[in-house]
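give me the fold of what follows.
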Amino acid sequence: MLLQMRQFTRSWVAYLLIGILAALFVLFLGNGSSLLDTLNIANSNVLASGRGVSVQPQELTRELDLALRQQRNNGERVDRQQAIDNGQHLRVLDALIGRRAVYAYVERLGIGVSDAQIAERIREIPMARNPVTDAFDANAYARFLSEAGYTQAAFEDEIRGELSANMALEAFVAGARAPSSFGALALIYNSESRVVSIAEAESGVLGAIPSPTEAQLQEFYQESQARLRIPEFRALTLVFARTSDFTARVAVPEERLNQEVEARRATAARPERRTYVRIATQTEAQARDAAARLARGEAFDAIATALGTGVQASRSEDQARVDVIDSRVAEAVFTSPARGAPQIVRGQLSPWIVVRVENITPASAPNMTELREAVRLAIANDEAGELLNNAVTAFEDARSGGASAAEAARASGLTALAIPAVTARGQGQDGRPVEALAGKEDLLRAAFATPEGESSDFIPVESDDVIVAVDRIIPESVRPFADVREELGEVWRARERARRLREFGERVVASVQGGQTLAQAARTHRMRIAVSSAELNRQQAQQNLPQGLGGLIFTAREGAAVSEVSPNGQAVLVAVVEAINRPNPAESVQEVEAARVSMQQSMVRSFSEAVQSQIVDEAKVRRFNSRIEQLYRPSSGDGEEQQ
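Residues are numbered from 1 along each chain as shown. Next up, the predicted model:
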């Protein structure tokens, strides 16, 4: 990115834009507004924004990881990259946008919940409760927040929004009721069964399928051009402008290194840490009793046991102030002396908390060896940036002089990588992904938009800048007839077999419709009875029969015959619907009501989704797709921003 800016600032366009920006500063600052406010969204790292909605990358990553954790708990082994390739991150983003839009809408309506309601909801979270006492446990809550990737404030804001939104949505859908007729229809649909007999004939009944004639094969070859097409390939050279390639060439002067180490010594120090015990109680009287017992030297866990239900004791080892979830507890812990008098605190989550500091580890100086190496590397990286800038200038000069990208890279010290052939989808001639271009759609788009013999500008890829040079274009083509002749013959015969099986099945169906029983028609056509007068419901038909046949059976009238070719194309099945059994809703009042309630729940969900969709539409959320693709690297996408 910096290299692109470097090139851009040399152009006349840059001078024109500077003049426009100067005018805008006068315009906006003159009326009390900030130009930075105007440009805030464009320069920020948000993935989506709208009225009351803003989604940051770390928030989407957190939500995606939580969804994947839930899938793993359910036995689905999907890693983050697989999820991104499947577009799951976009579905998670849509859900996150929907939640945020509803939260903002409800807040504008003035609907809210109290801090007490939020605390009560948190105390109900199983992972925030002590497994022994089943009461709220601050340490368990802290672990839960850490594992979920939330800060305490962010999580409690989420709980506030969730509770408020639920209140509003419940009010929106209150009174919605599915009529009893819906329950009757659902019961009939789900409980209906059909008695069927099925005859089967394998493809051998047709005799040998002849090979296609030359004319048929040529015609099939012309029909199959799209399937036989070989995509365009391009031979590329990638030139990398990477600071890391130049870092090892930098010698850092000792004097400068010593000065920088000394300047950073204070900020690298380890903060003070404390070990303390805490007893959470339900009443102030319990807290005073616990403090008195603790002051007398009783063990903190024994005190909790003696005080009974609702009292919890825990020990926190070597915590910094930022590690203590409750700010009031943190204040008490970090203002008390070691082994001093117990302090009683009115907690933010637990009603009352007694704390006593057992040990204090003072703030300590940093590891100077590690600090020195980190500073040396930082200085080397700064210096390497200047070397990289000089190398880029030399590369551009060599290219201007007629050198190829690979030659200019060698002459300037930049790293070049040759890729013999790749498609626009990132596959080599063997059909496998080219590793160097995996997930780098920006480079592929640039490669297939650049003419042969030319190169792109520098393109930012992670922390690097890359030029794509197109060395050669291998045009799109169709596989020659001679190369695919045998393959085409096999496909033609399979297609012909399936066609003849369909016609065979239609003849058997016609025989049944003409008055023969299925057994008579089966004997006439050398078929075997595979199923005789079996009763099947929809679920059984879906599980045990080819999908197409099951659907035909449950749409056919009583006495009708239907046929379907097997999925592997090697057999044909003919089924006769001998009887249709449907329940009488009047005799199944409870079942009808249960089906009606189920449909009502579905209606409420659909209505809630429609309300949320309308709220999202009104929020006019804008997704920054190019930014999403850059950070999450989906396998495809147009990179355009949508309204």
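
could you report the neighbour count for the closest residue to Gly413 other than its chain neighbours?
Once flanking residues are discounted, Gly413 sits nearest to Ala391: 4.9 Å by Cβ to Cβ, 6 or more residues apart in numbering. In this view, the C-beta of every residue, glycine as well, is placed from N, C-alpha and C. For Ala391, the neighbour count with other Cβ atoms under 10 Å is 19.

also the one 4 residues further on?
Other residues lying near Phe395 total 25 when counted by other Cβ under 10 Å.

same thing with Ala438?
11.

grab the nearest non-local neighbour of it.
Gly426 (6.6 Å).

pretty sure that neighbour contacts Arg432?
No: between Gly426 and Arg432 there is no contact under Cβ atoms under 8 Å: 9.7 Å.

neighbour count winner among these two?
Between Gly426 and Arg432, counted using other Cβ under 10 Å, the more crowded position is Gly426 (21 against 9).

I'd like the distance between the more buried one and Glu454.
According to Cβ to Cβ, to the nearest Å, Gly426 stands 21 Å off from Glu454.

helix, strand or coil for the residue of the chain most remote from its centre?
Farthest-out residue of the chain from its mean C-alpha position, per Cα atoms, centre = their mean: Gly515, at 57.9 Å. Under DSSP: H, G, I helix; E, B strand; the rest coil, Gly515 falls in the coil class.

tell me the pLDDT at it?
At Gly515, the model reports a pLDDT of 93.

do Thr450 as well
pLDDT, Thr450: 92.

okay but it is in contact with Ile473, surely?
No: in this structure Thr450 lies outside contact range of Ile473 using Cβ under 8 Å: 9.8 Å.

which of the two has more neighbours?
The residue with more neighbours, out of Thr450 and Ile473, is Thr450; 19 against 15, by other Cβ under 10 Å.

list the contacts of the more buried one.
Counting by Cβ atoms under 8 Å, 6 or more residues apart in numbering, Thr450 makes contact with 456, 468-470.

try it again at 10 Å.
Counting by Cβ atoms under 10 Å, 6 or more residues apart in numbering, Thr450 touches 234, 236, 456-457, 467-470, 473.

what's the farthest-apart pair in these?
Asp457 and Ile473 (19.4 Å; Cβ to Cβ).

which SS class is the residue nearest the centre of the chain?
The centroid of the chain falls nearest to His89 when counting by Cα atoms, centre = their mean (2.2 Å). Counting by three-state DSSP, the backbone at His89 sits in helix.

hmm, it is touching Leu631, no?
Yes: assessed by Cβ atoms under 10 Å, His89 is found in contact with Leu631 at 9.3 Å.

and for the two, which residues touch both?
With Cβ under 10 Å, 6+ apart as the test, His89 and Leu631 both reach 47, 60-61.

which parts of stretch 220-239 are buried?
By neighbour count on 16 or more other Cβ atoms under 10 Å, the buried set for stretch 220-239 is 220-221, 224, 228, 233-239.

now, which of those residues lie within helices?
Under the assignment DSSP state H, the buried residues of stretch 220-239 contribute 220-221 to helices.

which of the buried residues of stretch 220-239 sits closest to Val508?
With Cβ to Cβ as the yardstick, the closest approach to Val508 among the buried residues of stretch 220-239 comes from Phe220, at 28.2 Å.
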